[in-house]
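Trainee: Generate coordinates for the sequence data below:
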Amino acid sequence: MNSTSSPTPLSGHYFFINNRIVSSTEEALQLSDLGLFRGYGIFDYFRTHEGKPFLMRQYLQRFRRSGKDLRLELNLSDEELEATILELIKLNGRSESGVRLLLTGGYSENTFTPSTPNLIIRIEKSVLPDERSYTEGVKLISTEYLRDMPEVKTTNYLKAVREWPAVEAAGATELLYHWNGEWLECSRSNFFVVVKGVLITAPLPKVLAGVTRGETLRIARESGIPVKEESLPLAILPEAEEAFITGTTKRIMPVVQVDGQQIGNGKPGPVSKRLLQEWQLLETRNSREY
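Mentor: The predicted structure is shown next:
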């Protein structure tokens, strides 16, 4: 192998596949994998902050739950997964990065029946949104859609990928789903509103149990902010004083407009600002304590 195809230890091009760490120049999956043919697979994704994995154990718990729901057995223990991820982070040498885990349906002779899953873990470049997203807020556009098995983090993003040109054309940040007269979640984040000082978000299992969602609810309760997990009728937006979305790469991001409709006074509100400050403190503590 010549020098141009052999990455250095800190090149950012190492990943894990089925019990071994390899360079990105090596073959990953065969074409008979059910994830390629049928989109049958799960994934998860979390960030590092100052070289330390952030909320890794919560993400690994969700990853394992998703695999169980699709009958995809994860043969590594949590301890083995954590050790592998820490080694990959060190090898790839990025302080701020994303850790992506993928578990596919495996190689299938009839391209329909799952077999032994393939596990891939990859370290990716991760860039947080610019500061204006938090100081000025973002826009959403909506579409009618209910994800298959909302509680499972599958690799099926067909609707979002197909609709994304409309999101970009509108200058929006996310695609907000609604179904049967209720707001649910966004394509890659959870959705919250504040009405009369109460923080409200759609209940499980109608939406994905976002790790950032769960931590946000915990922080809100500990901060004395009233919280409800209940259905969000479409008519609730005019009543909302503020809204925000939560996600791994978005943290707690204020929403000031949905489909051209202004939320509250059109500016980030005090609840989202307070929760974002608490979130940033959580990130700092994680870096010191891990």
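Trainee: CA atoms for contacts and neighbours, from now on please.
Mentor: Fine.
Trainee: Nearest residue to the middle of this protein?
Mentor: In the chain, the centroid-proximal residue (Cα atoms, centre = their mean) is Thr248; its distance is 4.8 Å.
Trainee: what about it, distance to Gln61?
Mentor: Per Cα to Cα, to the nearest Å, Thr248 is found 15 Å from Gln61.
Trainee: helices and strands of this protein: which one bottoms out on pLDDT?
Mentor: strand 20-23 (a mean of 88; mean pLDDT, DSSP states H and E).
Trainee: Buried residues, it. List them.
Mentor: 21, 23 (16 or more other Cα atoms under 10 Å).
Trainee: by contact count, what packs against the helix or strand following that strand?
Mentor: The first helix or strand that comes after strand 20-23 along the chain, using DSSP states H and E, is helix 34-38. Contact partners of helix 34-38 among helices and strands, from 3 or more Cα pairs under 8 Å, 6 or more residues apart in numbering; DSSP states H and E: none.
Trainee: Outside of the next helix or strand after helix 34-38 itself, list whatever touches it.
Mentor: On the C-terminal side of helix 34-38, the nearest following helix or strand under DSSP H and E is strand 41-49. Here strand 41-49 makes contact (Cα atoms under 8 Å, 6 or more residues apart in numbering) with 34-35, 53-56, 59-60, 62-63, 66-67, 70, 95-105, 126, 152-155, 248-249, 283, 287.
Trainee: chain center to strand 41-49, what's the gap?
Mentor: Chain-centre distance of strand 41-49: 7 Å, with Cα atoms, centre = their mean, to the nearest Å.
Trainee: Quick one: mean pLDDT over that strand.
Mentor: Regarding strand 41-49, the rounded mean pLDDT is 96.
Trainee: Can I get that strand in PDB? Just the C-alpha atoms.
Mentor: C-alpha atoms of strand 41-49 as PDB (Å, rounded to 0.1, in the frame of the first residue of the first chain):
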ATOM      1  CA  GLY A  41     -31.200  -1.000   9.900                       C
ATOM      2  CA  ILE A  42     -30.900   1.300  12.900                       C
ATOM      3  CA  PHE A  43     -28.400   4.000  13.800                       C
ATOM      4  CA  ASP A  44     -27.500   6.400  16.500                       C
ATOM      5  CA  TYR A  45     -25.400   9.500  16.700                       C
ATOM      6  CA  PHE A  46     -23.800  11.500  19.500                       C
ATOM      7  CA  ARG A  47     -21.200  14.200  19.900                       C
ATOM      8  CA  THR A  48     -17.900  14.600  21.600                       C
ATOM      9  CA  HIS A  49     -17.000  17.800  23.400                       C
END
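Trainee: now the contacts of strand 41-49: which count as buried?
Mentor: 34-35, 53-56, 59-60, 62-63, 66-67, 70, 95-105, 126, 152-155, 248-249, 283.
Trainee: Strands - which of these land there?
Mentor: Of these, the ones assigned to strands by DSSP state E are 53, 97-104.
Trainee: can you redo those residues as CSV with distance to Gln257 and pLDDT?
Mentor: Converted to CSV, these look like this (distance: Cα to Cα, whole Å; pLDDT from 0 to 100):
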residue, distance to Gln257, pLDDT
Pro53, 33, 95
Ser97, 30, 94
Gly98, 28, 96
Val99, 31, 97
Arg100, 30, 97
Leu101, 33, 97
Leu102, 34, 97
Leu103, 36, 98
Thr104, 37, 97
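Trainee: thinking again about what came up before, pull up the pairing partners for the least confident helix or strand of the chain, direction included.
Mentor: strand 14-17 (antiparallel) (DSSP bridges).
Trainee: Can you name the residues in contact with the strand it pairs with?
Mentor: 21-24, 28, 84, 88, 91-92, 118-123.
Trainee: Distance-wise, check Ser24 relative to Glu182.
Mentor: 43 Å.
Trainee: do the same with Leu275
Mentor: 25 Å.
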